[in-house]
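> pasting the structure only:
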Ligand code: DC
C-alpha cells in the first residue's frame, strides 16, 4: 500500500493526538504532534525569562528559534513518542497550564510559524506520516492525501483535558480549563497567519459520541477507500 500523509486539524482537546497516535501505530507511520513544537518554543522562552505576566516581545522569541531543537523519541513504557527540547524530555512540562496559557499567542508570531512549518514539511518528506495541529491540511501539507477536521462538544473537551492533566499528576480547576479552551479557540481561529479553519477537502469528524476504537476504524476505512482510488496518489 503506498504511504500517504494524513493531516489532522481541529480545536484543542478534541482528541486529535489520541487518534493520530493510534492511527500512526496501526499504519506503521510516524506521528508528529505539531502543537508540541509550538509548546517547546513557548517553554524555552519561559525558561529564558522572556515571558512575564503573559507578555513578551516578538523579537526576543524570534531570536531564540535557532536554539530550539525539537525531536520526538519513542517511549517504550508508554508506547508513544515523547517530545524532547534540546535533548531533554519535556513531555510533561509542555502540557502545563503555564505553557497552555501563552502558547496560542506565541504561535501567532509569523516567524515562529514559518520556522516550525519548514521543519514540519521536512519531517513529511518521505510520507508515511500522521501530523496533527491547526493548519496541517490548509498550510503545512495542502496536498495531503487525507485530511480530517475534528470537533467535539465543549463539555466533552473539558473532560478530556482534565483527564489528560490528571493522568499526568496535575490537578487543575474545571473553570480554568474551560476558560483556557475558549481563549485558545478564539486565538486559533482569529489569528492572521494560517488560522484554524476546515480545509474544503477535509472530512469532518465530530467525535463527541464516538469511542477511540470507532474513530480509528472510521479513519482506517477512509485510508483503505482512498488507496483503492488510484488517482489519489
Ligand atoms: O495541539 P496543542 O493544543 O498542543 O497546540 C498548542 C497550541 O499551538 C495551540 O493553541 C495553537 C498552536 N498550534 C498552531 O498554531 N498550529 C499548529 N499546527 C499546532 C498548534
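That came through fine. In this text the structure is predicted, and so the values were computed from the model without any measurement.

> Every contact and neighbour count from this point should use C-alpha atoms.
Noted.

> Could you look up the SS state of residue 83?
strand (DSSP: H, G, I helix; E, B strand; the rest coil).

> my bad, should have said residue 194
Following three-state DSSP, the label given to residue 194 is coil.

> Pop out the phi and psi values for the spatially closest residue to it that is not a sequence neighbour.
Using Cα to Cα, 6 or more residues apart in numbering and skipping the chain neighbours, the partner closest in space to residue 194 is residue 135 (6.2 Å). The phi/psi pair for residue 135 (degrees, to the nearest 10) reads phi -130, psi 30.

> how many other residues sit next to residue 135?
24 (other Cα atoms under 10 Å).

> thinking it is in contact with residue 189, fair?
No - Residue 135 is beyond contact range of residue 189, at 10.4 Å (criterion: Cα atoms under 8 Å).

> which neighbours do the two share?
Common neighbours of residue 135 and residue 189, using Cα atoms under 8 Å, 6 or more residues apart in numbering, are 195, 196, 197.

> and the last one, what does it touch?
Applying Cα under 8 Å, 6+ apart to residue 197 gives the contacts 134, 135, 138, 189.

> for the ligand, what are the nearby residues on the protein?
12, 34-36, 38-39, 103-104, 107, 133-136, 184, 188 (Cα under 6 Å from any ligand atom).

> I'd like to know how far the residue nearest to residue 194 sits from residue 33.
12 Å (Cα to Cα, to the nearest Å).

> try residue 148
Using Cα to Cα, residue 148 is found at 15 Å from residue 33.

> same check, this time on residue 217
Distance, residue 217 to residue 33, by Cα to Cα: 21 Å.

> Between these two, which has more neighbouring residues?
Using other Cα under 10 Å as the criterion, residue 217 and residue 33 rank with residue 33 on top: 21 against 13.

> That one against residue 136, yeah?
No - taking contacts as Cα under 8 Å, residue 33 lies outside contact range of residue 136: 10.6 Å.

> Could you look up the SS state of residue 78?
Note that with three-state DSSP, the state of residue 78 is coil.

> Tell me which stretches of the chain form strands.
5-10, 30-33, 70-75, 80-85, 88-89, 129-133, 146-151, 203-206 (DSSP state E).
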